[in-house]
Each structure stands twice: as C-alpha cells, then as structure tokens.
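Enquirer: what shape does this take:
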Amino acid sequence: MGEKRKSGSLPALSAPLRRMIVVATIVLFALAWRYTLFGNPTLHVDDEFYFLVGQRMHQGDLPYVDLWDRKPFGLFLIYYLIGFFSDQVISYQIAAWLFVSATGVAIYAIARQWTTPLASLLAALLYVASLSVFGGQGGQAPIFYNLLIAIAALMIVRWTRDDSDHADWRVWLAMAMCGLSLTVKQTAIAESAFFGLFVLYRLYRNGAGPARLAAIASIAMVIGMAPFAMTGVFYAASGHWYEFYQAMFLSNLDKAYPDAEDMARRALLRFIYLLPIGIGIALTFTGRAGLAAKYRVFAEGWLVAAVVGVALVPNFYIHYLLPLLLPVAVVAAPAFGIRWIGPAIALASISYGTVTAPPFQQKYTDLSKADFDALLAALPSDPEARVLVFEGPVMVYHYRNQGDLPVLTMPNHLANEVERDVAHVSTMDVVTEELNKRPSAIVMLTKPRTLPINAQTWSAIEHFARKNCALKREIIVTEQWARWKVLAYTGCIQSGQA
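Expert: So this is what the prediction gives:
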C-alpha cells in the first residue's frame, strides 16, 4: 500500500519533474521579458549588422573581405546558421531568447552545486532580467558566448567537486567551450585563461606533478586555440590571411573613443543601482553564504577575470558589461540562499531590472516598425536602385535586397573619425567608390550618432547629396531606444543624366 502522506502535505516531485519545472520557468521568464521585441527591425545597430552579414554569407560574401568588422568569425557563423531557418529579423531574436534561456539553465546548474534550488533559480532569473538593463535585449555577442562560458564554468565546478588529480572529459569540454567563445568575442580570453589556470592550480593542490601539469596545460591550450586557429587557416587557404589578421589583431589596437570614459561612468551608475547584488557577492566572498573555500577561489577569480575582459577593450559601450552579468549572477547565488535576506536581495535586483528596462515593450516595437516602414517608403521603389546608408539603419540593405554592399557597411566605420582607416581599406576610398557608383538615394542622420565625426567622409557625402539629389526628406527612425532624425536624399542624378 505504501506510506500515508501527512495531512495537508504535497506529494514529492520526482527529480526529472523538478528539473522540467525549473527549465520551463526560466524559458518562459526569458520569453516574457523579450517576446514583445520580436520582429523589431531596428533593435540595435550591432544586431542589424550581424544579421545582415549572416544573411549575405548565404549569397557568398565573406566577413572581413567583403564586409569588414573586427568581431571574430564565430559570431557571424552563428548568424549564418540562423539564416538557414529564416531571413526575417525575428529569427535571430528567437535564437537570442533560446541562448539566454539556456544560459539561465546553466547558471541554475552551477549554483545548485553551491546553494538551494530557490537561490539557484533566483540567480538564473536575475541574469535574464539584468540583460536588458545593460543593452542585452537583442543579439549582442555576449548573449551567445555567455552560454559557452557558462557551460565551461559548470564543467569546472563539477570537476572541482571531485578533488581529482587528473583532468577528465569535463576539463576538456570546458576548454573546448572556451575555444569556441574566443571565436565569438576575443575578450573571452580573460575568462578562458583563468579557467585553465584554475584547473592547473587544483591539480597542483591535489598532487599532480610538473610533468603532468605541463602536459595538461599544453593539451588545454591546443584545444582552446583550435577553433580560432582553424578560422585563420581557412582564411589563409582562401588567400585572405591579411584581411583576417588585420581585423582580428591590428584593428583592435587602434580604437579608443574620446567619450568612452563618460560612457563608462554612466554604465557604472547602473551598477550602483544594482547595489543589492554587490551585497550578495560580499556575503559570498566573506563566507557568510557557506560557500566552501575551493569554490570561493573559483568564484572570486572568475569575477576578476570577467572584469579584466571588459578592461581589455580600449573603447566602451554599455553592452560591453554584458559578460560581467554571468559571473555576477553565479557568484551572488550562494548569498541568495541565506534565509530572508537572500531572496530579498535577489528580488530587489530583479525588480530594479523590471523598472529600468521593463518587459512588454510592444508599443516600442510597433513604433520601430512604423518608422522603418516610413523610411523604406521614402526610398526609390525600383528594387534595382542603389542606396547608400552612410549613417542610419543598415537593415535597409537587407529589406531592399541590395546587390553588392560597401566593404565598410557598418555606419560607424564610415562616419566616425576614430574608425578612419582602421580596416584594410581606406575609409575615404570606400566612400569615393560608392559615390562613383552613383547611388539613387542616400540615408544619413541629421546629427552624428557618435563623436568625433570623420569630417572628410561627411563632407563628401553632403557635397554629393546637395549637388546630385533633387529631394530631401526628414524621417524619424526609432533605433537603440532613441529616436533619430534621418535624412533620405532621393532623386539623385544617375550617370549620363543631364
């Protein structure tokens, strides 16, 4: 017959059912936070560009050669793979939601090694809610590679639990995830390096000798560098090694915006508002949350490594802080398990995310769509007519299905002085070549998005528009949570016209 349940008690849930409930909670929470932004064509200029490149790869265009940027190949490969499912913007937004959800599940799994189910779930939900606060509503690079780093961290935490003196499949899988993350964003090198060093430290503490440590370190480095190296080999074999090398290494040494410090200060203010999380992290680090010393070393080192990764970039935008949110949520999780104060800290932080970057933004998406449709309507109806987007939504190229595009397609690469000649081609030469193709229309902002402007290219575009384009229409476009005044120059004289 079995044992009788006590009156009023609930039936115990099986472990698989509990896991299903946790996963469903995280997935649905992430969906609720993001679904009203699905279909927004101008969510963020970076998303637009990555999506455009991914779609153009299906037409044979090659990153760095045909469409230049300094992001690693893996990010464009993700958007290329998304392109197999759809050529609509909602495809990458759904993919981003799934990656965010999976990262939340990984956070829960890591935290469960250290704390209660509720605290672990709160940490996962905190991550999801915090993304929007720091510009992670769409498909920024950390949305994708945070999952890879989270899987690596989970493998190392589980391996650490066993106090092993040898590296097993979990270590190698972690190194592989780190290697893949480097193909999405170079700054993942800081966290990846720490993970490798932590493994060596634990092996040393558990009695591994110098020969074994050297062998494991060598294998780990080979596994970690293999994906990036394979990309380099592909470009070298294709005859485009220099374009790859220049984009991945040389260009990243020559980029520092003068207003980066001011942007960093504004971002820091948002972290100050997230002070409750800081309290939780402090409780974890001081041992008040009951985290074992060997795990505290990992948690502290991971958080420091993530900060170093952010500091490696000479420029700064608020979404550059997105990689920090992963270790922040994980490290705060043990404190969330402290009775009363822990859940209060977590809920306060999640509530802040709700207020600062609220979900359910259907009106914003509708406005973005309407504005973008108005911009498209202002451009030539002839699908063969060439359009140059100098400073504005590059999604125009995708919706018009334009043929060949400028090598420098990202507006900032054309319009900003800091980006002048940092690619393997001259910025002014690219602009001159595009103007020589006699575009039928030009799209540009009335005021630059970032300073300082590239006066040479701005002057050339404005001179061409005034001299050759008969019509000028001002349109308001919603992009990156702001409304921008865009000029659509049309009726431009074509070659051979009087």
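Enquirer: any idea how far Leu375 lies from Gln137?
Expert: 21 Å (C-beta to C-beta, to the nearest Å). C-beta here means a position set from N, CA and C on the backbone, and glycine is covered the same way.
Enquirer: the two - which one has more neighbours?
Expert: More crowded of Leu375 and Gln137, by other C-beta atoms under 10 Å: Gln137, with 27 against 24.
Enquirer: and the pLDDT for the more buried one?
Expert: Predicted confidence (pLDDT) for Gln137: 93.
Enquirer: mind naming the longest helix for this protein?
Expert: helix 210-237 (DSSP state H).
Enquirer: what's the mean pLDDT across that one?
Expert: Helix 210-237 comes out at a mean pLDDT of 97.
Enquirer: same check on stretch 362-373?
Expert: On average, the pLDDT along stretch 362-373 is 96.
Enquirer: would you mind pulling the contact partners of it?
Expert: 36-43, 393, 395, 399, 475-479, 481, 483 (C-beta atoms under 8 Å, 6 or more residues apart in numbering).
Enquirer: which ones among the residues you listed map onto strands?
Expert: Of the contacts of stretch 362-373, the ones assigned to strands by DSSP state E are Ile475, Ile476, Val477, Thr478, Glu479, Arg483.
Enquirer: tell me what the closest residue in space to the last one that isn't next to it in sequence is bridged to.
Expert: The one in question is Arg483. Excluding the flanking residues, the one nearest Arg483 by C-beta to C-beta, 6 or more residues apart in numbering is Ile476, at 5.4 Å. Beta-bridge pairing for Ile476 (DSSP bridges): Lys485.
Enquirer: need the contact list for Ile476.
Expert: Contacts of Ile476 (C-beta under 8 Å, 6+ apart): Asp371, Ala374, Arg483, Trp484, Lys485, Val486.
Enquirer: how is this structure carved up into domains?
Expert: 15-356, 362-492 (automatic domain parsing).
Enquirer: show me the strands in the stretch 151-300 of the chain, by range?
Expert: Along the stretch 151-300 of the chain, counting by DSSP state E, counting those that start in this stretch, no stretch forms strands.
Enquirer: quick one: buried ones out of the contacts of stretch 362-373?
Expert: 36-43, 393, 395, 399, 475, 477-479 (16 or more other C-beta atoms under 10 Å).
Enquirer: inside helices: which ones of these?
Expert: Filtering those for helices - DSSP H - leaves Met395, Tyr399.
Enquirer: could you give the number of residues near Gly491?
Expert: Quick note: Gly491 (other C-beta under 10 Å) scores 12 neighbours.
Enquirer: with Ala24 instead?
Expert: 11.
Enquirer: and the next helix or strand past the host helix or strand of it?
Expert: For Ala24, the host element (DSSP states H and E) is helix 15-34. The helix or strand immediately downstream of helix 15-34 is helix 45-57, counting by DSSP H and E.
Enquirer: report the buried residues of the helix or strand following that following helix.
Expert: Per DSSP H and E, the first helix or strand lying C-terminal to helix 45-57 is helix 73-82. Within helix 73-82, the residues scored as buried using 16+ other C-beta under 10 Å are Phe73, Gly74, Leu75, Phe76, Leu77, Ile78, Tyr79, Tyr80, Ile82.
Enquirer: same check, this time on stretch 282-291
Expert: So, applying 16+ other C-beta under 10 Å, buried residues of stretch 282-291: Leu283, Thr284, Phe285, Ala289, Leu291.
Enquirer: poorly predicted segments of the stretch 351-498 of the chain, please.
Expert: Residues of the stretch 351-498 of the chain that meet the criterion pLDDT under 70 lie in 495-498.
Enquirer: where along it do the helices fall?
Expert: For the stretch 351-498 of the chain, the helices defined by DSSP state H, counting those that start in this stretch cover 362-378, 395-400, 411-415, 427-436, 455-468.
Enquirer: what helices or strands is the third one leaning on?
Expert: In other words, helix 411-415. Applying 3 or more C-beta pairs under 8 Å, 6 or more residues apart in numbering; DSSP states H and E, one finds that helix 411-415 makes contact with helix 427-436, helix 455-468.
Enquirer: and of the buried ones among the contacts of stretch 362-373, the nearest to Lys185?
Expert: Nearest to Lys185 among the buried ones among the contacts of stretch 362-373 is Leu43, at 19.0 Å by C-beta to C-beta.
Enquirer: how about the contacts made by that closest one?
Expert: Contacts of Leu43 by C-beta under 8 Å, 6+ apart are Leu37, Val89, Gln93, Gln137, Gly138, Ser368, Glu479, Gln480.
Enquirer: same thing with Leu180?
Expert: Gly74, Tyr145, Leu148, Pro227.
Enquirer: for those residues, pick the one with the most neighbours.
Expert: Tyr145 (30 neighbours).
Enquirer: counting contacts, what elements does the helix or strand containing it pack onto?
Expert: Take DSSP H and E as the rule and Tyr145 turns out to sit in helix 141-161. Secondary-structure packing of helix 141-161 (3+ C-beta pairs under 8 Å, 6+ apart): helix 73-82, helix 90-111, helix 169-182, helix 189-205, helix 293-311, helix 322-336.
Enquirer: list the buried ones in stretch 20-27?
Expert: Val22, Val23, Thr25, Ile26, Val27.
Enquirer: cool, stretch 306-324 as well?
Expert: For stretch 306-324, by 16+ other C-beta under 10 Å, it's 306, 309-310, 313, 316-324.
Enquirer: stretch 185-203: which residues count as buried?
Expert: Quick answer for stretch 185-203 (16+ other C-beta under 10 Å): 185-196, 198-203.
Enquirer: let me see the mean pLDDT of it.
Expert: Rounded mean pLDDT across stretch 185-203 is 97.
Enquirer: and if you look at stretch 55-62?
Expert: Stretch 55-62 shows an average pLDDT of 98 in the prediction.
Enquirer: make JSON lines from the helices and strands packed on helix 411-415 and add distance to Ser132 and mean neighbour count to it.
Expert: What follows is the helices and strands packed on helix 411-415, written out as JSON lines (distance: least, C-beta to C-beta, whole Å; neighbours: other C-beta atoms under 10 Å):
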{"stretch": "helix 427-436", "distance to Ser132": "33", "mean neighbour count": "17"}
{"stretch": "helix 455-468", "distance to Ser132": "33", "mean neighbour count": "16"}
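Enquirer: save those helices as JSON lines, and put in distance to Asp66 too.
Expert: Listed next are the helices and strands packed on helix 411-415 as JSON lines, based on distance: least, C-beta to C-beta, whole Å:
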{"stretch": "helix 427-436", "distance to Asp66": "12"}
{"stretch": "helix 455-468", "distance to Asp66": "20"}
